[in-house]
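S.K.: Structure of the sequence below:
(one chain, ligands or ions: 2)
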Amino acid sequence: MSVRSRSNNAEDIRVVETFTTETFTADIYPKREPVILRGLDIGECLRKWTPSYLASDGGTQEVKVHVSSSTQMDFINKNFLYRSLPFQEFVKRAFEDEHADYFIDQKEKFYLRALGHDPRKDVADISVQFPELAQDLTIPQVFEREKFFSSVFRIASRGVQLWTHYDIMDNILIQVVGRKKVVLFHPNDVDYLYLNGDKSEVLDVDNPDLSCYPKFIEAKQYRGHLEPGDILFIPALWFHNMTYEDAGVAVNVFWRHLEDKLYDTKDPYGNHDLLPAQRANQIVDRAIKALEELPEEYQEFYAHRLIDRIRHTFLAKQT
Ligand SMILES: O=C(O)CCC(=O)C(=O)O
Ligand SMILES: [Fe+2]
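M.R.: Ligands and ions are numbered 1, 2, ... in the order given. Predicted coordinates for the structure are as follows:
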């Protein structure tokens, strides 16, 4: 197993400026690595989506947003509140650095991940929830239409850093307003990321606390900057961490690239593990219960043997 040193532990995400659907399908997509697609036509939104236009065209519907006094929102320790605001009021606040009306303090930060009308059942789809604004956005055809799953508005205040997480679907993140710093990690670096569910405990990827997270240094960072108009292809399972260098607006589009039967149908966010992975997890729960019936020295012995079987079957390629 190669242990990576700090010096070769970061790489720039490839930027592709001469995009055609054919090259995407033939050369880019099969590699399953992130790329930044630059210079594509994403529609009128690039010119039109000023805060005041968004506020007037996005309407008065209520949106549920994250509010925090910290730029580094922490999903595990929940250092934010959920609050509802009319969309136009939310946009106004997301684009100002100091607020006259506030929930926590004058400099609080906002983050919106748009939801479906009924968040328990409906997926987010900007053409349904924000039909006027959706007309301004052209989603590049990098996947077959029937594979479409959801399109999600992402709007945040300047400085917000979104926790590192993975999603289970292929995804394009279309950056419309503001610049964004993106740091991605390969799925096979999962052991270095200190996961809690689908999220990493390491919030500050630039200055990680290595006394708590010593293995984080082994995780290779794929780094990039998105400008308005850029599209980041995030293959399923690639971890991503986003920092809003400016107040920003993006739309990401998830699609199902695998057989339908693998996906959990009760998953409006599109982030439940694939059904066989869920089943495997439940079986591990049962295996742990079974091992607990043994005396301690046997528990440890059989734990090693089970881990070894799994390692041999699936991880032999990496060692
Ligand atoms: O840019 C963001 O706010 C987060 C994007 C994200 O997590 C995604 O596209 O899956
Ligand atoms: Fe994501």
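S.K.: Compute the number of surrounding residues for Asp273.
M.R.: 17 (other Cβ atoms under 10 Å). For the C-beta atoms, the positions are set from N, CA and C on the backbone; glycine is no exception.
S.K.: Phe87 too?
M.R.: For Phe87, the count of nearby residues is 24 (other Cβ under 10 Å).
S.K.: quick one, phi psi at it?
M.R.: The phi and psi values for Phe87, taken as degrees, to the nearest 10, are phi -50, psi -40.
S.K.: close enough to count as contact, it and Gly58?
M.R.: Yes - counting by Cβ atoms under 8 Å, Gly58 is a contact partner of Phe87 at 4.3 Å.
S.K.: Please identify the residues of the stretch 151-300 of the chain in proximity to ligand 1?
M.R.: Within the stretch 151-300 of the chain, the positions near ligand 1 by Cβ under 6 Å from any ligand atom are 154, 162, 167, 171, 173, 240, 242, 250, 252.
S.K.: Quick check, pLDDT for the first one.
M.R.: This means Arg154. Looking at Arg154, its pLDDT reads 97.
S.K.: residues contacting it?
M.R.: By Cβ atoms under 8 Å, 6 or more residues apart in numbering, Arg154 lies in contact with 111-114, 173, 248-252.
S.K.: longest helix anywhere in this protein?
M.R.: For the chain, the longest helix by residue count, based on DSSP state H, is helix 275-292.
S.K.: going on from that helix, what's the next piece of helix or strand?
M.R.: helix 296-310 (DSSP states H and E).
S.K.: just for the protein, where's the confidence low?
M.R.: 1-8, 316-319 (pLDDT under 70).
S.K.: what about the closest residue to ligand 1 within the stretch 201-319 of the chain, which SS state?
M.R.: Going by Cβ to the nearest ligand atom, ligand 1 is nearest to Asn252 of the stretch 201-319 of the chain, at 3.3 Å. Recorded secondary structure, Asn252: strand (DSSP: H, G, I helix; E, B strand; the rest coil).
S.K.: Now for the nearest residue to it once chain neighbours are set aside, how many residues are close by?
M.R.: Distances taken as Cβ to Cβ, 6 or more residues apart in numbering place Leu173 nearest to Asn252, at 4.4 Å, with adjacent residues excluded. Neighbourhood size, Leu173 [other Cβ under 10 Å]: 22.
S.K.: so who does Leu173 touch?
M.R.: By Cβ under 8 Å, 6+ apart, the residues touching Leu173 are 154, 226, 231-232, 234, 250-252.
S.K.: So in terms of bridging, what pairs with it?
M.R.: Following DSSP bridges, Leu173 is listed with bridge partners Leu232, Asn252.
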